[in-house]
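Engineer: Build me a model from this:
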Amino acid sequence: MAYEMIPIGYGNYVARSRLIAVVTADSAPSRRLIQDARERFSLIDATGGKRTRSVLVMDSDHVVLSAMDPDALPLDPAQAEEEEAGNA
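Structural biologist: Below you'll find the model as predicted:
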(Lines give C-alpha, C1' and ligand atoms only; values in the text may rest on other atoms or scores of the structure.)
Protein backbone atom coordinates (compact mmCIF):
# COMPACT_ATOMS: atom_id res chain seq x y z
CA MET A 1 0.00 0.00 0.00
CA ALA A 2 1.54 3.30 -1.12
CA TYR A 3 0.71 6.58 0.60
CA GLU A 4 0.96 10.01 -0.97
CA MET A 5 3.13 11.98 1.42
CA ILE A 6 2.97 15.69 2.31
CA PRO A 7 6.17 17.45 3.40
CA ILE A 8 5.64 19.30 6.69
CA GLY A 9 9.14 20.71 7.09
CA TYR A 10 12.64 19.64 8.14
CA GLY A 11 12.48 16.37 6.20
CA ASN A 12 9.28 15.20 7.88
CA TYR A 13 6.26 13.88 5.99
CA VAL A 14 2.70 12.79 6.77
CA ALA A 15 0.36 10.64 4.70
CA ARG A 16 -2.26 12.74 2.87
CA SER A 17 -4.97 10.06 3.25
CA ARG A 18 -4.50 9.95 7.05
CA LEU A 19 -4.80 13.72 7.53
CA ILE A 20 -8.09 14.98 8.97
CA ALA A 21 -7.46 18.68 9.67
CA VAL A 22 -4.83 21.40 9.62
CA VAL A 23 -5.27 24.31 12.04
CA THR A 24 -3.17 27.25 13.20
CA ALA A 25 -1.45 26.92 16.54
CA ASP A 26 -2.47 30.39 17.75
CA SER A 27 -6.00 29.67 18.94
CA ALA A 28 -6.98 28.49 22.41
CA PRO A 29 -8.76 25.34 21.12
CA SER A 30 -5.63 24.23 19.26
CA ARG A 31 -3.54 24.79 22.40
CA ARG A 32 -5.99 22.60 24.34
CA LEU A 33 -5.76 19.99 21.57
CA ILE A 34 -1.96 20.01 21.86
CA GLN A 35 -2.05 19.72 25.66
CA ASP A 36 -4.57 16.85 25.51
CA ALA A 37 -2.41 14.98 22.97
CA ARG A 38 0.68 15.54 25.13
CA GLU A 39 -1.08 14.02 28.13
CA ARG A 40 -2.18 10.98 26.05
CA PHE A 41 1.36 10.57 24.65
CA SER A 42 0.06 10.97 21.08
CA LEU A 43 1.81 14.26 20.26
CA ILE A 44 4.44 14.26 17.51
CA ASP A 45 6.67 17.34 17.45
CA ALA A 46 8.10 17.86 13.95
CA THR A 47 9.04 21.51 14.44
CA GLY A 48 12.77 20.99 14.63
CA GLY A 49 12.95 23.28 17.65
CA LYS A 50 11.22 26.15 15.85
CA ARG A 51 7.95 27.85 16.72
CA THR A 52 4.82 25.77 16.11
CA ARG A 53 2.73 27.34 13.35
CA SER A 54 0.39 24.55 12.30
CA VAL A 55 -1.25 21.60 14.02
CA LEU A 56 -2.11 18.52 11.95
CA VAL A 57 -4.78 16.15 13.26
CA MET A 58 -4.43 12.59 12.02
CA ASP A 59 -7.03 9.81 11.85
CA SER A 60 -4.86 7.67 14.15
CA ASP A 61 -5.64 10.13 16.99
CA HIS A 62 -2.14 11.61 16.74
CA VAL A 63 -1.49 15.34 16.68
CA VAL A 64 1.52 16.51 14.65
CA LEU A 65 3.15 19.91 15.17
CA SER A 66 4.78 21.65 12.22
CA ALA A 67 6.84 24.84 11.93
CA MET A 68 5.33 25.57 8.50
CA ASP A 69 2.37 27.92 8.09
CA PRO A 70 -0.89 26.14 7.25
CA ASP A 71 -1.05 28.12 3.99
CA ALA A 72 2.46 26.96 3.05
CA LEU A 73 1.68 23.25 3.42
CA PRO A 74 1.22 21.62 -0.01
CA LEU A 75 -2.22 20.14 0.67
CA ASP A 76 -3.42 20.48 -2.92
CA PRO A 77 -2.13 17.55 -5.06
CA ALA A 78 -1.15 19.91 -7.91
CA GLN A 79 0.80 22.09 -5.48
CA ALA A 80 2.65 19.04 -4.11
CA GLU A 81 3.70 18.00 -7.63
CA GLU A 82 5.11 21.50 -8.26
CA GLU A 83 7.08 21.28 -4.98
CA GLU A 84 8.58 17.92 -5.97
CA ALA A 85 9.45 19.17 -9.47
CA GLY A 86 11.19 22.21 -7.95
CA ASN A 87 13.25 20.05 -5.57
CA ALA A 88 14.41 17.60 -8.25
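
Engineer: For the rest of this, base every contact and every neighbour count on C-alpha atoms.
Structural biologist: Noted.

Engineer: mind listing the helices in the chain by residue range?
Structural biologist: Secondary structure of the chain (DSSP state H): helices at 28-39, 77-87.

Engineer: rank those by mean pLDDT and give me the bottom one.
Structural biologist: Comparing mean pLDDT over these, the weakest stretch is helix 77-87, at a mean of 60.

Engineer: so where is the chain shaky, pLDDT-wise?
Structural biologist: The chain contains residues with pLDDT under 70 at 1, 77-88.

Engineer: Residue 10 against residue 50, yeah?
Structural biologist: No - contact criterion C-alpha atoms under 8 Å: residue 10 and residue 50 do not qualify, at 10.2 Å.

Engineer: middle-most residue in the chain, spatially?
Structural biologist: Centroid-nearest residue in the chain, with C-alpha atoms, centre = their mean: residue 56, separated by 4.0 Å.

Engineer: Pull out the buried residues from stretch 2-13.
Structural biologist: Residues of stretch 2-13 classed as buried by neighbour count (16 or more other C-alpha atoms under 10 Å): 5, 6, 7, 8, 9.

Engineer: Could you tell me which residues make contact with the nearest residue to residue 75 once chain neighbours are set aside?
Structural biologist: Distances taken as C-alpha to C-alpha, 6 or more residues apart in numbering place residue 6 nearest to residue 75, at 7.0 Å, with adjacent residues excluded. By C-alpha atoms under 8 Å, 6 or more residues apart in numbering, the residues touching residue 6 are 13, 14, 15, 16, 73, 74, 75, 80.

Engineer: now, which of those residues sits nearest residue 24?
Structural biologist: residue 73 (11.6 Å; C-alpha to C-alpha).

Engineer: give me the number of residues near that closest one?
Structural biologist: 17 (other C-alpha atoms under 10 Å).

Engineer: Then residue 33?
Structural biologist: Residue 33 has 15 neighbours, counted by other C-alpha under 10 Å.
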